[in-house]
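> sequence and predicted structure below; questions after.
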Amino acid sequence: MNSKRIRNTAIAGVGVLGALALTAGCGAADTQSSGTDKVVLAEPSWVGASANAAVVSKLMADEMDVKVDVQQMDEPVAFDALDSGKADAILEDWHGVPKKQKKYVEDKKTVVSGGDLGVVGHIGWFVPKYYADKHPDVTDYKNLNKYYKDFRTSESGDLGHFMGAAPSYSQHDKGLIKNFGLKFKHVPSGTEAAQLKEMQRLYKAKKPFLAYWWEPQWMNNDIEMVEVKLPKYTPGCEIPEEKAKCGYETNQLEKFLNKDFSENGGAAAEFLKNFKWSTEDQNEVAQMIAGDGMKPEKAAEKWIKENKSTWEKWIPEDA
């Protein structure tokens, strides 16, 4: 967004090298020349994106006889690939690369919107509910310094520990901590999987923690978190990060397609434009993958079997 998510998970590494290795022979050029026999999806490195890709891939293969090649690449690389035709679509964009979006969507017009994904994305600062229940005023960032000692760890020293997102995620928390004069140290999590594991450990032990956190996120089904109120987001209020003094935008997550594929991709392009599900749907599949350890294709198969009334309307009549 002017917010997040250029992220890492246990099941999806940052795909820059894979993206660079793509050639026109395995990208959108094939799709455009042959109609609907092959689609290249750019999959960002977080579990919700894996849930999207798994369900779409399974349905397109089984219901439309379309082969889907999922290439792991985060938003910056994905937009370059959509522009060049090395990828046909990205199914979940958080508006985390506004400059590239403007360049390719508004200026060059080589990339077009594929419509809303149907999932609402939100990022913020959160503490566990058990801590907020004991200290209700902690939910205003102006009061965080009253409690910083509760959040100290070996990594943060004399300061409170702020559990930052993986370094590749879009974020402006360092700027907020500095500009608000907060007695906290921003400590990156490394990966999404590492952050979730640490939060689970702390939550089980009923210890306090302050974290960059978001929805959709399957683990919200297992833990109760309370948001710390930050100043309201306004466009551009976080740019540059050194001057950031606002929270995060709440977004309707969006799909983007290569323009040529959008116009000439036939039923495959129409299917991707039709694909729209809820935050609850995505969290259900994501929990099966990351929480229950199911392979993405098996999680997709289970969800598809139980939700025909949702997905059957995505299939074009002429598929």
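Done, it's in.
> only C-alpha atoms from now on, for both contacts and neighbour counts.
Noted.
> show me which residues of the helix of greatest length in the chain are buried.
Secondary structure of the chain per DSSP state H: the longest helix is helix 47-64. Buried positions in helix 47-64, judged by neighbour count with 16 or more other Cα atoms under 10 Å: 47-60, 64.
> swap in stretch 271-284?
Going by 16+ other Cα under 10 Å, stretch 271-284 has these buried residues: Phe271, Leu272, Lys273, Asn274, Phe275, Lys276, Trp277, Thr279, Asp281, Gln282, Asn283, Glu284.
> which non-adjacent residue is nearest the fifth one?
Right, the one you point to is Phe275. Trp314 (5.6 Å; Cα to Cα, 6 or more residues apart in numbering).
> surely that neighbour touches Trp277?
No - here Trp314 lies out of contact with Trp277, judged by Cα atoms under 8 Å, at a distance of 10.0 Å.
> how far out from the middle of the chain is stretch 221-233?
Taking Cα atoms, centre = their mean, to the nearest Å, the mean C-alpha location of stretch 221-233 is offset from the chain mean by 17 Å.
> for that stretch, C-alpha coordinates in PDB please.
Only the C-alpha atoms of stretch 221-233 are listed here, as PDB (Å, rounded to 0.1, in the frame of the first residue of the first chain):
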ATOM      1  CA  ASN A 221      -8.300 -17.500  14.400                       C
ATOM      2  CA  ASP A 222      -6.000 -18.700  17.200                       C
ATOM      3  CA  ILE A 223      -4.900 -15.600  19.000                       C
ATOM      4  CA  GLU A 224      -6.700 -12.400  20.200                       C
ATOM      5  CA  MET A 225      -4.800  -9.200  19.400                       C
ATOM      6  CA  VAL A 226      -5.800  -5.600  20.000                       C
ATOM      7  CA  GLU A 227      -4.800  -2.700  17.800                       C
ATOM      8  CA  VAL A 228      -2.800   0.200  19.100                       C
ATOM      9  CA  LYS A 229      -4.300   3.400  17.700                       C
ATOM     10  CA  LEU A 230      -2.000   5.300  15.400                       C
ATOM     11  CA  PRO A 231      -2.700   8.700  13.700                       C
ATOM     12  CA  LYS A 232      -5.100   8.200  10.800                       C
ATOM     13  CA  TYR A 233      -3.600   7.400   7.400                       C
END
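> let me see the mean pLDDT of it.
Stretch 221-233 carries an average pLDDT of 96.
> could you do stretch 100-110 as well?
Stretch 100-110 comes out at a mean pLDDT of 97.
> check which residues of that stretch are buried.
Neighbour counts over stretch 100-110 (16+ other Cα under 10 Å) mark Lys100, Gln101, Tyr104, Val105, Thr110 as buried.
> same deal with stretch 156-167?
Ser156, Leu159, Gly160, His161, Phe162, Met163, Gly164, Ala165, Ala166, Pro167.
> dump those residues to a markdown table, plus pLDDT and secondary structure.
Listed next are the buried residues of stretch 156-167 as a markdown table, based on pLDDT from 0 to 100; DSSP: H, G, I helix; E, B strand; the rest coil:
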| residue | pLDDT | secondary structure |
| --- | --- | --- |
| Ser156 | 98 | coil |
| Leu159 | 98 | coil |
| Gly160 | 98 | strand |
| His161 | 98 | strand |
| Phe162 | 98 | strand |
| Met163 | 98 | strand |
| Gly164 | 97 | strand |
| Ala165 | 92 | coil |
| Ala166 | 85 | coil |
| Pro167 | 83 | coil |
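> about what we covered before: tell me the one of the buried residues of stretch 100-110 nearest Lys243?
Lowest distance from Lys243 to those (Cα to Cα) belongs to Lys100, with 21.7 Å.
> which residues touch Asn179?
Neighbouring residues of Asn179 by Cα atoms under 8 Å, 6 or more residues apart in numbering: Glu242, Lys243, Ala244, Lys245.
> and the buried ones among these, selectable in PyMOL?
The buried residues among the contacts of Asn179 can be selected in PyMOL (16+ other Cα under 10 Å) with this line:
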select buried, resi 244+245
